[in-house]
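> Compute the structure for the input listed below.
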Amino acid sequence: MRGAELLAQATARLVAAGVPDPGRDARRLMAHVLKVPPGRLTLFLSEPVAADLQPIYLTLVERRAERVPVSHLTGRRSFYGRAFLVTPEVLDPRPETETLIEAALAEPFASVLDLGTGSGCILLTLLAERTGAVGVGTDISAPALNVAFWNRNALQLEGRAALVEGDWYAALDGQAERFDLIVSNPPYIAAHEMAGLAPEVRDHEPALALSDGADGLSAYRILCAGAPRHLSPGGRLIVEIGATQGGAVAALMAAAGLAQIAVLPDLDGRDRVVLGRLSG
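Purely as a prediction, here's the structure:
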């Protein structure tokens, strides 16, 4: 069967399963199986697909029809121009999180703390973009940290990124280490919102990284309250938020004594990032 015929069959299966953007996902999976860049897949569609690859591809398509995320099927997700290892133990890096990256890179920093680092995509991207900076990533999940270790080593950042297991600031073992920048994409989905998530998220991403099991603000209370102790004078706290949480998180930063607080939108115009600065 030629690639174009196999692709049409796969797309029809994903359409029938109600998968969003079925054509895109069918192409991404075929590019993965054929080991070709997705942008060059069209060049191979007129050629027959090797007989041993066809069942592999169709099996992946069937799993996608069951709403398994594409990144879990390919093991990779692109973020800020780099490929990151992704497993069910970590959140899938999302394009909207690049809003946080842009905000962080808007000013110089020499040290960064990433709380709840997951795959490491935020910490490692910032260090890769800011040569010479050093950082620490923390996570309460040992399996998540294993993924971050793999990504760190793949990007050859072993000498500049430390990864520590622990709960938020407690991972620093009581040390009052100070950073120019603290970043986080914490669990911000309220418990009552979990049932309404897409199956790809609700059923396949770690619940611990999605929701605090309460009002969605628990992590921000800890992040904001602890920031003054761990920020250098003039340092910034930058966090990703849910679209309706800007005002509440900004208020928590203000209550913690941070200044120059701003709520930033993503490319779709939704509130996505809140930042504040420690005076000094």
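> Okay, now the unreliable bits of this protein?
Where the chain drops to pLDDT under 70, the residues are 174.
> mind redoing it with 80?
Filtered on pLDDT under 80, the chain yields the residue ranges 174-176, 280.
> Could you break it into its assigned domains?
Following the assignment in automatic domain parsing, the chain carries domains at 3-66, 80-277.
> Contacts only, for Cys224.
Going by C-beta atoms under 8 Å, 6 or more residues apart in numbering, Cys224 touches 237, 249, 252-253, 255-256, 258, 276. For glycine as for every other residue, the C-beta is placed from the backbone atoms N, C-alpha and C.
> The residues you listed, buried ones only, as a ChimeraX selection?
If you want just the buried ones from the contacts of Cys224 in ChimeraX, going by 16 or more other C-beta atoms under 10 Å, the selection is:
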select :237,249,252,253,256,258,276
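> JSON lines for the contacts of Cys224, including distance to Leu45 and secondary structure?
Below are the contacts of Cys224 laid out as JSON lines (distance: C-beta to C-beta, whole Å; DSSP: H, G, I helix; E, B strand; the rest coil):
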{"residue": "Leu237", "distance to Leu45": "48", "secondary structure": "strand"}
{"residue": "Val249", "distance to Leu45": "47", "secondary structure": "helix"}
{"residue": "Leu252", "distance to Leu45": "52", "secondary structure": "helix"}
{"residue": "Met253", "distance to Leu45": "51", "secondary structure": "helix"}
{"residue": "Ala255", "distance to Leu45": "57", "secondary structure": "helix"}
{"residue": "Ala256", "distance to Leu45": "55", "secondary structure": "coil"}
{"residue": "Leu258", "distance to Leu45": "53", "secondary structure": "coil"}
{"residue": "Gly276", "distance to Leu45": "50", "secondary structure": "strand"}
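> Look up which helix or strand the spatially most central residue of the chain falls in, please.
For the chain, Pro93 is the residue whose C-alpha lies nearest the centre (C-alpha atoms, centre = their mean; 2.7 Å). Under DSSP states H and E, no helix or strand contains Pro93.
> Please state the backbone phi and psi of His204?
His204 adopts backbone torsions of phi -130, psi -10, taken as degrees, to the nearest 10.
> Ala142 against Glu165, yeah?
Yes. Contact between Ala142 and Glu165 holds when scored by C-beta atoms under 8 Å: they sit 5.7 Å apart.
> show me where the stretch 151-280 of the chain has strands.
161-165, 179-184, 231-240, 259-265, 271-277 (DSSP state E, counting those that start in this stretch).
> quick one: which of the ones you listed is nearest Gly120?
Comparison of the strands of the stretch 151-280 of the chain against Gly120 by C-beta to C-beta identifies strand 161-165 as nearest, at 7.2 Å.
> Now find how far off-centre the closest one is within its chain.
17 Å (C-alpha atoms, centre = their mean, to the nearest Å).
> Quick one: the strands of the stretch 151-280 of the chain as a markdown table, columns for distance to Leu14 too.
Output for those, formatted as a markdown table (distance: least, C-beta to C-beta, whole Å):
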| stretch | distance to Leu14 |
| --- | --- |
| strand 161-165 | 36 |
| strand 179-184 | 34 |
| strand 231-240 | 29 |
| strand 259-265 | 31 |
| strand 271-277 | 29 |
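> For Asp167, which non-adjacent residue is closest in space?
Of all residues not flanking Asp167 in the chain, Ile140 sits nearest, at 4.8 Å (C-beta to C-beta, 6 or more residues apart in numbering).
> now do Pro233
That would be Gly280: by C-beta to C-beta, 6+ apart, it lies 2.8 Å from Pro233.
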